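Peer 1: Based on what follows, work out the 3D shape:
(2 chains)
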2 protein chains.
Amino acid sequence: MAIKEALRPGGRSARVQESIHTAVRELLEEQERSTLTVPQIATRAGVTPSTIYRRWGDLSALLADVALARMRPDSEPANTGSLRGDLRAWAEQYLDEMSSEPGRNMMRDVQSSATPGYCVTILSAQLQTILERYRDSEEPLPDIDRLLNLIVAPTVFRILFSATPLSVPELHALIELALLP
Amino acid sequence: MAIKEALRPGGRSARVQESIHTAVRELLEEQERSTLTVPQIATRAGVTPSTIYRRWGDLSALLADVALARMRPDSEPANTGSLRGDLRAWAEQYLDEMSSEPGRNMMRDVQSSATPGYCVTILSAQLQTILERYRDSEEPLPDIDRLLNLIVAPTVFRILFSATPLSVPELHALIELALLP
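Peer 2: This next block holds a predicted model:
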């Protein structure tokens, strides 16, 4: 899967992916995203269109992948020493990124891609990384679905459907709720 | 505003709106939604395109309005005699409607419309209707934002970004959380 490969650089497959990502980034600087096509990206990257279709399924999934790779290099969620602190740091960064223009575009791309579940998989992995750190603590840990429902969902919903995104205090209140036993 | 007028039938403005809604519904049965245009709708409805642009801003807002009018006739949220019961009935219906193909299309239309906040306004009004019924009860009432964040947001998020929508038990658990003092 594309994301896994991005985390394991090297190898032919990773180089092909990198050239396709680069082609997308370059083309997006030169033209409107609505005019971008798969054959065009393939030509720029020196691959066949079917290489792109085989790997991503459609243009939206590729754009979503590029946007994700761009926004989250390969850093782990910040480790602040407490679960509350880690969740706050992670959620504030997520709110920030998703409220930005590339974040909004990414959410649009992901929705119209063939595999919108893709996004939840990545978010879940990040939240899992945080939870693993506190696996031996005495407090009961929230499960991933609870974190997705109470922290991620309101963040995304407000950005997509409301005039104003969540405020940081609202975000913190939701985290408290998620941390309730 | 279009929705207000839909609730106050009669009058020239309401008749114009009804003929435009009807035109959209008819055209959607005859052709793909992606090929629909404002001038085409205007011709069918016997109005000028500027009437449509003035009232809805763009095609997406009009499509969202038609979808909403279609899905929620003019019934109030069910009154079951308890806040918990009303919220469950409302949230289950909302989950049902939004998981359907017209519901998904509506969410897509609303997002690309000029006024995505539109949707939250309507949802808030419905939730307000429910809360008003229990205004004199002794239990503290949740506020609208809490209901939007804890019930509506996860419902929408899971439909848009996950392979499976929320289950009814998950929805009930979220309602319990929203009802915590």
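
Peer 1: And stretch A:174-181, what's buried?
Peer 2: A:174-175, A:177-179 (16 or more other C-beta atoms under 10 Å in any protein chain shown). Using the backbone N, CA and C atoms, a C-beta is placed for each residue, glycine as well.

Peer 1: oh, I was asking about stretch A:51-69
Peer 2: So for stretch A:51-69, counting by 16+ other C-beta under 10 Å, buried means A:51-52, A:55-56, A:58-69.

Peer 1: Would you check those and say which has the weakest pLDDT?
Peer 2: Lowest pLDDT of the buried residues of stretch A:51-69: A:Leu68, 70.

Peer 1: mind checking how far that one is from A:Glu92?
Peer 2: Applying C-beta to C-beta, to the nearest Å, the value for A:Leu68 to A:Glu92 is 18 Å.

Peer 1: same deal with A:Ile41?
Peer 2: 33 Å.

Peer 1: go on, A:Glu101?
Peer 2: Taking C-beta to C-beta, one finds A:Glu101 at 18 Å from A:Glu92.

Peer 1: Ok, A:Arg108 next?
Peer 2: Distance from A:Arg108 to A:Glu92, by C-beta to C-beta: 22 Å.

Peer 1: and the two? which has more neighbours close in?
Peer 2: A:Arg108 (19 against 16; other C-beta atoms under 10 Å in any protein chain shown).

Peer 1: so which strand or helix has the more buried one?
Peer 2: Using DSSP states H and E, A:Arg108 sits in helix A:101-112.

Peer 1: which residue is nearest the middle of chain A?
Peer 2: Nearest to the geometric centre of chain A sits A:Leu68, at 4.6 Å (C-alpha atoms, centre = their mean).

Peer 1: Got the phi and psi for A:Ser137?
Peer 2: The phi and psi values for A:Ser137, taken as degrees, to the nearest 10, are phi -70, psi 160.

Peer 1: My read is that it contacts A:Gly81, right?
Peer 2: No. The criterion here is C-beta atoms under 8 Å, and A:Ser137 misses it with A:Gly81 at 11.4 Å.

Peer 1: Same drill for these two, tell me which one is more crowded.
Peer 2: The residue with more neighbours, out of A:Ser137 and A:Gly81, is A:Ser137; 11 against 8, by other C-beta under 10 Å.

Peer 1: which residues sit in contact with the closest residue to that one other than its chain neighbours?
Peer 2: Spatial nearest neighbour of A:Ser137, excluding adjacent residues (C-beta to C-beta, 6 or more residues apart in numbering or on different chains): A:Leu83 at 7.1 Å. By C-beta atoms under 8 Å, 6 or more residues apart in numbering or on different chains, A:Leu83 lies in contact with A:130-131, A:133-134, A:137, A:139, A:141, A:179.

Peer 1: What of A:Leu63?
Peer 2: A:24, A:33, A:36, A:105-106, A:109, A:113.

Peer 1: can you rerun that using 10 Å?
Peer 2: A:Leu63 sits next to A:24, A:28, A:33, A:36, A:41, A:56, A:105-106, A:108-110, A:112-113 when contact means C-beta atoms under 10 Å, 6 or more residues apart in numbering or on different chains.

Peer 1: Buried ones among these?
Peer 2: Here, 16+ other C-beta under 10 Å leaves A:24, A:28, A:36, A:41, A:56, A:106, A:108-110, A:113 buried among those.

Peer 1: Just checking, which of the residues you listed comes out lowest on pLDDT?
Peer 2: A:Ser113 (66).

Peer 1: Let me see the contact set for A:Arg133.
Peer 2: A:Arg133 neighbours (C-beta under 10 Å, 6+ apart): A:76-77, A:79-83, A:86.
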